[in-house]
Each structure stands twice: as structure tokens, then as C-alpha cells.
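In: here are the coordinates; sequence isn't available:
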């Protein structure tokens with residue numbers, strides 16, 4: 001069984017998802033619509049232990065509520081205090097990978 005670390009860069013219409021393995025290697029990347037069903041279905045496709053991280057924002061409350069009911073561990077971070085997101089290039093894919 002594998003462990004996965006999932007970063008979500010959440011926006012009104014879409015979510016950029018980056019999935020890394022325990023070595024930090026990017027194993028999957030996707031852009032999905034911002035909906036509970038889509039996010040849950042995506043996470044269900046991952047076999048093993050899953051840890052999910054995303055930034056506090058407009059969609060954080062409902063997303064946290066649905067994700068805490070899944071098999072994964074959920075961490076919501078403060079974007080103003082997340083130093084990784086303030087350094088280097090900015091894009092949805094890059095942010096999702098850093099998360």
C-alpha cells in the first residue's frame with residue numbers, strides 16, 4: 001500500500017491537484033471542477049494512505065468538511081504564513097506541488 005501527499009490549489013471553478021509519493025516525486029497531476037463529488041472521486045482513486053493540504057480561503061470550510069469524512073488526513077494552511085508559496089514561480093500547478 002502507498003502513501004500519497006496531495007496538494008490542492010482551489011479556485012471558484014477549478015482545483016489543481018498534485019499528488020506526490022513518499023519520496024516527493026510527482027506521480028499524478030490533474031485539474032478538476034470545484035465540486036465535492038469530483039474531489040472525493042479523485043481521492044478515492046488513490047489506493048493507500050492519503051494526506052491532503054490546501055490553503056485557507058473562500059472554499060476552505062466546505063472542502064474541509066467533506067474531506068475530513070474521507071480516508072485522508074486533512075491540513076489547511078494559512079497562505080500568508082506559507083513561505084513555500086511566496087518563493088519562486090507562481091502558477092496553480094506550482095502552488096499545488098508546493099502544498
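Out: Done, it's in. Just so it is clear, the structure is predicted and the values come from calculations on it, not from any experiment.
In: how about the helices of this protein, start to end?
Out: 36-44, 60-67, 83-86, 92-98 (DSSP state H).
In: Return the list of helices and strands in contact with the first one.
Out: This means helix 36-44. strand 14-20, strand 26-33, helix 60-67 (3 or more Cβ pairs under 8 Å, 6 or more residues apart in numbering; DSSP states H and E). All C-beta spots, glycine's among them, are computed from the backbone N, C-alpha and C.
In: For the last one, list every residue counted as buried.
Out: Spelled out, it's helix 60-67. 63, 64, 67 (16 or more other Cβ atoms under 10 Å).
In: Run through who's touching it.
Out: Helix 60-67 is contacted by residues 8, 10, 36, 39, 40, 43, 52, 54, 74, 76 when judged by Cβ atoms under 8 Å, 6 or more residues apart in numbering.
In: Which of those scores worst on pLDDT?
Out: Lowest pLDDT within the contacts of helix 60-67 is found at residue 76 (86).
In: Please identify the buried residues of stretch 45-63?
Out: Those would be 46, 50, 52, 53, 54, 55, 59, 63, for stretch 45-63 by 16+ other Cβ under 10 Å.
In: and that stretch, how far out from the chain's middle?
Out: Relative to its parent chain, stretch 45-63 has a centroid offset of 5 Å by Cα atoms, centre = their mean, to the nearest Å.
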